[in-house]
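Visitor: I need the structure of the sequence given here:
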Amino acid sequence: MMVSKNAVVSLDVSLFDLQGELLDHPEEPAQYLHGGYDDIFAKVEAALEGKGVGARVEVRLEPDDAFGDYDENLLRVDLRNRFPETLEVGMRFEAEAGSDDEGMIFTVTDIAEDKVVLDGNHPMAGLGLLFDCTVIDVRPASESEIINGSAEDPASVIVRPMP
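Guide: A predicted model of the protein is given here:
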C-alpha cells in the first residue's frame, strides 16, 4: 500500500537542527493518519504522499512549517508558592482552567527566590528542522480512526504541530 488519504503511516523519525545535530529520535515509531488531518507537519505529509514502505524522506522545515516562531508573549512570571514544594527547571505544567492560558503547557525555565519563570513556547519553537524519516508501515485506517481524525495506536509517538 502507498501513502495516501486515510492511510495510517508509521515512520522511523529523526529530527535534526539545521547544523545537523540530532534533537530527537523516538524509540517508538511515529504514527499518523494521512490526508490533511493535521497529525503531522503539512510539508512532511506532502513529501510522503505516494511513497511506500522503505521510502526515506528528508524535509527541511522552517519555524513556520514546524513549531512556529519563538513568541516572547508566551513567557510568564508566577509566584513560587503556587507550585509544588519540589520544583525543578524543565518541569511542565498545564495552565489553570478558566485562565486566559487555559489548556496551554508551560515549562519552568527559571526559579528565583519567590518567582518562577514559565515558557509557553514549544521547546523547538523558533528552530529550523530537518525531518528525516523512513516509512516502516502503511495500512488502511479504520472507520473510527477516520471519524476521530487520528491514528489509534497508543504506543506510537504522534508528531503533531502545535496550535
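
Visitor: list the contacts of the residue lying farthest from the centre of the chain.
Guide: Largest separation from the mean C-alpha position in the chain: Glu113, at 32.4 Å (Cα atoms, centre = their mean). Shown here is Glu113, whose contacts under the criterion Cβ atoms under 8 Å, 6 or more residues apart in numbering are Arg80. The C-beta positions use only the backbone N, C-alpha and C, and glycine is treated the same way.

Visitor: need the phi and psi values for it.
Guide: phi 50, psi -110 (degrees, to the nearest 10).

Visitor: for it, give its distance to Asn81.
Guide: Here the criterion is Cβ to Cβ, to the nearest Å. By it, Glu113 lies 11 Å from Asn81.

Visitor: so who does Thr107 touch?
Guide: Applying Cβ under 8 Å, 6+ apart, the residues near Thr107 are 90-92, 118-120, 123.

Visitor: equivalent analysis for Val59, please.
Guide: Val59 touches 41, 43-44, 47, 130-131, counting by Cβ under 8 Å, 6+ apart.

Visitor: within the sheet, what are the partner strands of the strand or helix carrying Thr134, with directions?
Guide: Element membership for Thr134 (DSSP states H and E) is strand 129-140. Here strand 129-140 is paired, per DSSP bridges, with strand 7-17 (antiparallel), strand 56-61 (antiparallel).

Visitor: any buried residues in it, and which?
Guide: Neighbour-count burial for strand 129-140, counted by 16 or more other Cβ atoms under 10 Å, picks out 129-136, 138.

Visitor: ok, back up a step: columns distance to Leu15 and pLDDT on top of the contacts of Val59, output as TSV?
Guide: Converted to TSV, the contacts of Val59 look like this (distance: Cβ to Cβ, whole Å; pLDDT from 0 to 100):
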residue	distance to Leu15	pLDDT
Phe41	10	95
Lys43	13	97
Val44	11	97
Ala47	15	98
Leu130	7	98
Phe131	6	97
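
Visitor: tell me the one among these nearest to Pro26.
Guide: Distance ranking of those against Pro26, using Cβ to Cβ, places Phe131 first at 12.5 Å.

Visitor: how close does the residue nearest to the closest one when sequence neighbours are not counted get to Lys43?
Guide: Once flanking residues are discounted, Phe131 sits nearest to Val59: 4.7 Å by Cβ to Cβ, 6 or more residues apart in numbering. Note on Val59: its distance to Lys43, by Cβ to Cβ, is 5 Å.
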